[in-house]
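1. I need the structure of the sequence given here:
(chains A, B, C, D and E, ligands or ions: 4)
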Amino acid sequence: MTERRRERIDRGIKKRSEDVFALASWREMLYLAGPRLLPVALVLFLPPLLSPYWQKVMLSVGVFGLLAVSWDLLAQAGMISLGQALFFGMGAYGAGLLDRYLGMPPFLSLPIAAVLGGLVSTLLLLPVLRLRGIYFSMVTLILPLMLVRVIEATKIFGGTEGLSGLTPWPSVWVEMYLILGALLAALFGFRRMLAADYGLVLKGIRDNDRSVTSAGINIYVYKAQALFIAAAVGGFAGAFMTHVYLFVGMPVFALDYSILPIAAAVVGGPGGLAGATLGAAILVPLSEALRGFGGLRIVFYGVFLVVFIVAVPEGIFSFVRRKYHQFERWVEVD
Amino acid sequence: MTADLLRIENLMVFFENALAVNGLNLTVSEGELVGVIGPNSAGKTTLVNTISGLIIDMAIKEKRKGGERITVYGAVWFRGEEITRERPDRRVRRGIVLCRERHPVFPDSSVMENLKIAGYLRRRAEIRKTMDEVFGLFPVLKDYRRRKAGFLSGGEQQMLAIGMALVARPTLLLLDEPLLGLSPRMQESVMAAVIHLNEAAGITVLLCEQFARPVLPVIGRGYVVENGMLTMSGTGAELMDNPEVKAAYFGI
Amino acid sequence: MLIGTAIYALINSFILALMAMGFNLTFGISGVANFAYGAFYVMAAYGAWIFTHKAGLPYGVAVMLSIGLTTMGGALMYRFVLMRVRGQTLSEVIATFGMGLAILELFRYMGFVGFEYTLPNLVEGSVFFLGVYVDYQRLLIVAVGALMVVGLWLFTRFTSLGLAFRGIAQDERTALTFGMDPDRIATIAVAFGAGLAAIAAVVIVPLGTISPEEGYDVLIKALAVCIIGGLGSTGGVIAASFLIGFAERFTDAYIGSHWTMIVSLAAILLVLAVKPSGLFGHQKELEERI
Amino acid sequence: EPIVLGVPTSLGFLEGKESLRAVKMAVEEINATGGVMVGDEKRPFAVESLDIRDAAPGVPVPDALLGIEKIILEKKPAALLVGPFRSEALLAAMDLIAKHRVPMLGTIAMSPASEAKIKEKPAKYKYIFRLCLNAKYLVKYLAGSMAFIKERFGFDKVYILNQDVAWARKTAEITTQVYFDKAGWTVVGHEAFPTGTTDFSSALMKVRAKGAQVILPIFDMPQSGILVKQWNGMKVPAVMAGFISPLAGPGAWKTFDEKIGGAVNCNFEMGSAISSEKMEQSVEFLDAYEKRWGEPIQAGHGPAPSYESVYVLKEAIERAGSLAPDAVVEELEKTNRTGVMGQIHFDEGHQAVYDINPKTAAVAAVFQWTSDGGRTLVFPPELAAGEIQLPEGLKPAK
Amino acid sequence: MDRVDGVDPVDQRRDDDGHPFLRVEGLGKRFGGIQAVADVSLDLARGELLGIIGPNGSGKTTLVNLISGFVRPSAGEVRFRGRRIDRMPPHRIVRLGIARTFQMVRPFYELPAYKNMIIPLFSPRVRGLVGGKYGDRDAVALDLLEEVGFERDAFVAYKPAGALPQGYLKRLELAKAMALEPELLILDELFSGLSLAEVASIVPIIEKLRQGGMTLIMIEHRLRELFRIADRVVVLNHGRKIADGPPAAVMEMDAVKSAYLGAAAETAETSDPETEAP
Ligand SMILES: Nc1ncnc2c1ncn2[C@@H]1O[C@H](COP(=O)(O)OP(=O)(O)OP(=O)(O)O)[C@@H](O)[C@H]1O
Ligand SMILES: Nc1ncnc2c1ncn2[C@@H]1O[C@H](COP(=O)(O)OP(=O)(O)OP(=O)(O)O)[C@@H](O)[C@H]1O
Ligand SMILES: [Mg+2]
Ligand SMILES: [Mg+2]
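-> Ligands and ions are numbered 1, 2, ... in the order given. Below you'll find the model as predicted:
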């Protein structure tokens, strides 16, 4: 009786370790560089080809892509955030306030608001850093909801009406390449960071913080750092959006900003940031394309989410990567 | 087919492309106490997981996560019926109960509740009776019956795990490294209990251990497994007399 | 004023407990954080409404039918959606969230918005009690709530299915070795959770109206209660419901209603800061036991 | 070639749904007569709607704005009707609309803040008009009915309960400032409830404890129906007179198990779920709507001005003789039309002027639920069919 | 760079001006109603190898947790080279030079074994000793793993930790602790779950560490192997210290026999002629 078994073999360059290999031919070079060049090329050449409305959608892709990357980064350190809206909102309000009360130009208020938003978010979450798993997630879910109520109750920063009529970016192209450039920088930069020793420590905290502690590393310091980075990235997205829509108000803490990035990361495949980006690049345009269905839009959107997850549970990016790097063949077992 | 209670034919288990169990043949008859001895990573755990069906469950879960990673070939027969592809819960109903390695207990439940949960397929009166037996075997557990299992020490959890397997009233009991982390005194009582179960209660036992010293003297028959392959088999005494076994497992 | 507030706080607590119980049950047993929970709640309410107003069934029958169907809906969702992503918590969350979104927005799309969508009181009238009027429907909620809490507690502790539920929640693989079928039990768990949501809906909705937004609201409330209580603990749900329930009403009465949410959310943060795995949970302590 | 009218609003909400129907109805009527005269050709109207979901909780404003922008960029509408629900969405949309220079006739969002913006920068924001009632005019109506209650029954202790949103808060504030404080009332309590509140028992107990005789509610969320039910269940000895959106339509009687007798409610526009015998057009409008859509209007805010907005626009286009936005806006500013809600003209904040006389301005309507499920119009006096009656068990103070 | 209190690690190896190396005094810990550790005192000299044995649940792990700071004591104090450490968070204690392994090994399963080593190498205690450049630590990690028996030519160190057998995992655990260059190394049941051959291959590593002057505490149930290398043994029972002395002497005590060793008196273990075999 002979039976057959499916065997999986790594394609091309056998990767003994993540970063030790020799490039032997231009084909191998292309094999490795291809997946990295593709997004860069898309970002450079796609926007001018789009209609003004789809250009706007691209902006959203950039913003949600950044939020998803920031979410994934945080998840690498074991902090599953259900409240990206907190980071987004902090950055957005930061930019709004700097613009309204200090008259700062967008190019200045953007970075300052990102850093400021990151700081404030980190400070807010500092007391709950020792919470783990779903408990941490809950706090992040609740904080933005609470901030909305605080703004509502205390009527600060324009209260329920928010601040409108803020300064716009000089041109659509600035908008476009600023956010997409930031997305690419975040994607490649943070991928690099995660692959380095520092990133390893973050992942260590996620998998087994006890073991990291017993290496003499203060996990809270690292968690706080990861939190700050992620929050600043989210804040960047928020600050950017403020100057696009010239408005900031309570809805910047809306649930959508929390849920959509997670959906993007899950659909794309969490873990490597690239999945999160890909997820955003799929979900945001999808959601826009579905506008044609009118009231059914969100219904279809929900159904699509379910379908994606059920069909490719590991995430689209992980699936594609697996297929790209491996081939399968049948071998006989005696 | 035969009167064997358990029969394994030409079993092969792959994890991805790595072979964990390679062409293993093994039989256990009713009422026997059989030992499977082997060093680390010999494939003992993989073997008992295959018998208990856990591997099927693992394979399904792996598949859901993306790709088929685990493949099983060969056949497992229980009382003349092939059960190779049967789900684990069906096998428990047949009486195959596994006590997994490294103290598998329900950490958030009290000791008492752990035992009750283990008796999922048993009637209430039966559970109560076996529970008393377990407490007789491991008196510590009785003292700690209201404590959460997760707070017990490593050895205490191991005792509880064995106790839980007993509550499930197996016909074939699979023990995976039951002596792990037990003090010498506890090791002795556990082995005594195993013999007692085997002889008095008539439970067939398949016991996997790499720490052979307390095991070999008491088993009826034994298999030695290395690198997923069978290297030796025979009665307990035969194995003990074998110079290779002596060198490898008794340090002589 | 004080006594009246306390009475309404008590009622409020039971409403919260009822809302959270199903979510808690499902999570405690199958580990599935069912983010479609609010959708089931709303679905049950609309179901009862449709059966009485469109199909012309007697109210009692409609309610029963609706509870039954919602329960089945839960089971189906597990079988056809969740089973595939079992164990990957985030995928479960997003998948159930997607389901919930689809259900809720479908109701909105089909035009189920308006003030006529409400259910009649099961019992009419009110009673003057310690200085305030309390209507019978609210007393009914307290009764149903109390009954369910006790029932659930007994169920999870003393029936073999209930114990199996607890086992599966903690260590699925070990549970397998005792003959439990996690998929079957998780199906029951999700279905039960949906059923409890349905029961909660038919007793609570008569106080107000049904709207898709209610779905999101119920979900958030259920989450908050479960987290404060310590996920999966029945006692915790009660304690947390009382904490939030009283905090809300007393803030209303003595501080100002626009502070209600803030005070109760602050209470959540406080509890978690002091006791990181909720009032009755032990996850963190267990994890740290080495 | 049709003239496109864009209707970006929250279609999943009652006001949005019925407003869109009202717009469609008006368009059908106009198209039935051949369409709109643009210059010297007759062109029909076509409606393109889009659900921007801004009223749903958790939907960010940019998402709603993107929807509005989509309709502008892709459908190239001659004007936008109905528009956003939430005031902050409207405020944020103003910049967008100014950028694309599309006239908009809003009929839902009602914070006065947008008028202030228009007044401040008329050249930029001139494209935005509002036909529905705004907070400022609502006060007039509330004050009117309160004055009647005071005079008639001698009540002068009021408890204000409002939803914690911009327009409702403003309304409460202004009513207190310009009326209660001046007319000798005591505001014994004031409370704001976050949107979504489902239990009002504490407030109602306070009403009783503080001896308030009148409750002034200002709510537009569905859950506010609970307030009425609780008011009834707890037998609170005070008149409920204000605005509660679920009470507005004829269906409320059944919805609330026939337990709302005595409640006084203000519908924002004549024609939105209520009509006056003395204003023929409003009666006709309600009848036509019910005939066209098979069910009566339930929303007390939105449908009537939405219907009117189509006619207002039509007339402006015809006068301008072109679709050029600036020309149309110029003509819109000169609007003078008598329709369902009375006479419509805009002030310099581009807000339709409301008053109590339908001959000189648009009107709203205050009515009272009678104990047998009828609705009696009680304010403005010229249109009233009856007077406010005290609910059972309440005695006048004088 | 994060230096420990401005003291260079090499500097720390100077003498301790009269303080005992490790002193535990009246240490106690209650968990709810359970006295896990009660009034334990012991001294440890530099370079000693102390074995801790005792029945299951006697408080061995808890004692180690108290020393390494993972659990706060409810009574007593711990001094390391004269410095109180019982109130310090665990990561500070590690930086002072106390490293430990865990009874239950939980590596980072999907990472290759050598990447598992990066985390201790990233510790502030030793971070400065290795170059900070990308990939620099990998070489150190591989060297250390080879030292504990990861054959370099078989590429074991490159396999994901999840696919490694228990024996390698325990060695990895040991290597991780060694990477911290500790002065005191605490090993909790390092040998449990290992076959005889595996244990035999690890013992020389430990002996080598001792020769290098390291102080060790080992919790073990595998007495035969422990007694071959331990200088001194402490016996715990119900959280109390019931014996303290050289292995042979301790094993003779009745209290120890009845509490710990079975009826068949595994005392034979110590005097067993077999033990002398290689
Ligand atoms: N989930 C898995 N993925 C990949 N390889 C695995 C997995 N589980 C086991 N293996 C490999 O299969 C082989 C047999 O492992 P198994 O756990 O059965 O050994 P064992 O005899 O039980 O060892 P131990 O004494 O350490 O428990 C080992 O080489 C192991 O690395
Ligand atoms: N966090 C905790 N909460 C409650 N009880 C605990 C906790 N940690 C330990 N215990 C209890 O303290 C006692 C000592 O436990 P410890 O783990 O120190 O034993 P041990 O000597 O290491 O045993 P073993 O040899 O079995 O590992 C045990 O009875 C255990 O149940
Ligand atoms: Mg094993
Ligand atoms: Mg221990």
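2. which residues touch residue 104?
-> Chain wasn't specified; assuming chain A. By CB atoms under 8 Å, 6 or more residues apart in numbering or on different chains, the residues touching A:Met104 are A:Leu98, A:Ile112. C-beta: built from backbone N, CA, C; applies to glycine.
3. Wait, chain D was what I had in mind.
-> So D:Met104 contacts D:Ala79, D:Leu80, D:Leu81, D:Gly83, D:Ile97, D:Tyr127, D:Ile128, D:Phe129 (CB under 8 Å, 6+ apart).
4. For it, give its distance to chain B.
-> Going from D:Met104 to chain B by CB to the nearest CB, to the nearest Å gives 50 Å.
5. pLDDT wise, what is B:Thr130 at?
-> pLDDT recorded at B:Thr130 is 81.
6. separation between C:Phe165 and chain B?
-> 9 Å.
7. Could you count how many residues lie near that residue?
-> Using other CB atoms under 10 Å in any protein chain shown, C:Phe165 has 26 other residues around it.
8. count of neighbours near the residue nearest to A:Leu143 when sequence neighbours are not counted?
-> In this structure, A:Leu143 finds its nearest non-sequential neighbour in A:Leu86, 5.1 Å apart by CB to CB, 6 or more residues apart in numbering or on different chains. Here the number of neighbours of A:Leu86 (other CB under 10 Å) works out to 32.
9. for A:Arg192, same thing?
-> Neighbour count for A:Arg192, taken as other CB under 10 Å: 11.
10. Is it inside a helix or a strand, and which specific one?
-> helix A:172-195 (DSSP states H and E).
11. Can you give me every residue that contacts B:Asp4?
-> B:Asp4 is in contact with B:Thr27, B:Val28, B:Ser29, B:Trp77, counting by CB under 8 Å, 6+ apart.
12. Get me the contact residues on the stretch 201-334 of chain A for chain C.
-> Taking CB under 8 Å from any CB of the partner chain, the part of the stretch 201-334 of chain A that reaches chain C is made up of A:210, A:255, A:259, A:262-263, A:265-267, A:270, A:294-306, A:309-310, A:313.
13. cutoff 10 Å now
-> Counting by CB under 10 Å from any CB of the partner chain, the stretch 201-334 of chain A comes close to chain C at A:209-210, A:214, A:255, A:259, A:262-267, A:270, A:293-315.
14. what does the stretch 151-300 of chain A put close to ligand 3?
-> Not one residue of the stretch 151-300 of chain A sits near ligand 3, judged by CB under 5 Å from the ion.
15. for the stretch 151-300 of chain A, what are the low-confidence residue spans?
-> Residue ranges of the stretch 151-300 of chain A with pLDDT under 70: A:294-295.
16. for the stretch 51-200 of chain C, same thing?
-> For the stretch 51-200 of chain C (pLDDT under 70), the answer is C:114-115, C:131.
17. Contact residues of it facing chain A?
-> Near chain A, when you scan the stretch 51-200 of chain C using CB under 10 Å from any CB, you find C:77, C:80-111.
18. So among the residues you listed, which ones count as buried?
-> By neighbour count, with 16 or more other CB atoms under 10 Å in any protein chain shown, these hold C:77, C:81-86, C:88-109 as buried.
19. Show me the strands in the stretch 1-150 of chain B, by range?
-> B:4-15, B:18-29, B:33-37, B:70-78, B:81-82, B:96-99 (DSSP state E, counting those that start in this stretch).
20. ditto for chain C
-> C:126-129, C:132-135 (DSSP state E).
21. closest one to A:Ala95 among those?
-> A:Ala95 lies closest to strand C:132-135 among those, at 49.1 Å (CB to CB).
22. wait, what's in contact with the most centrally placed residue in chain D?
-> Chain D has D:His301 as the residue nearest its centroid, 3.3 Å off, counting by CA atoms, centre = their mean. D:His301 makes contact with D:14-15, D:18-19, D:107-108, D:110, D:132-133, D:138, D:220, D:243, D:245, D:248, D:266-269, D:272-273, D:364 under the criterion CB atoms under 10 Å, 6 or more residues apart in numbering or on different chains.
23. returning to what we had before: which of the residues of the stretch 51-200 of chain C next to chain A fall within helices?
-> Of the positions in these, C:77, C:80, C:89-109 sit in helices, assigned by DSSP state H.
24. For chain D, tell me which of those residues show up nearby.
-> C:Leu104, C:Glu105, C:Phe107, C:Arg108, C:Tyr109.
25. Now for the nearest residue to D:Gln230 once chain neighbours are set aside, how many residues are close by?
-> Excluding the flanking residues, the one nearest D:Gln230 by CB to CB, 6+ apart is D:Phe200, at 5.2 Å. Using other CB under 10 Å, D:Phe200 has 27 other residues around it.
26. so what pLDDT did D:Phe200 get?
-> 86.
27. ranges for the helices of the stretch 151-300 of chain A?
-> For the stretch 151-300 of chain A, the helices defined by DSSP state H, counting those that start in this stretch cover A:172-195, A:197-213, A:219-245, A:255-268, A:274-289, A:297-311.
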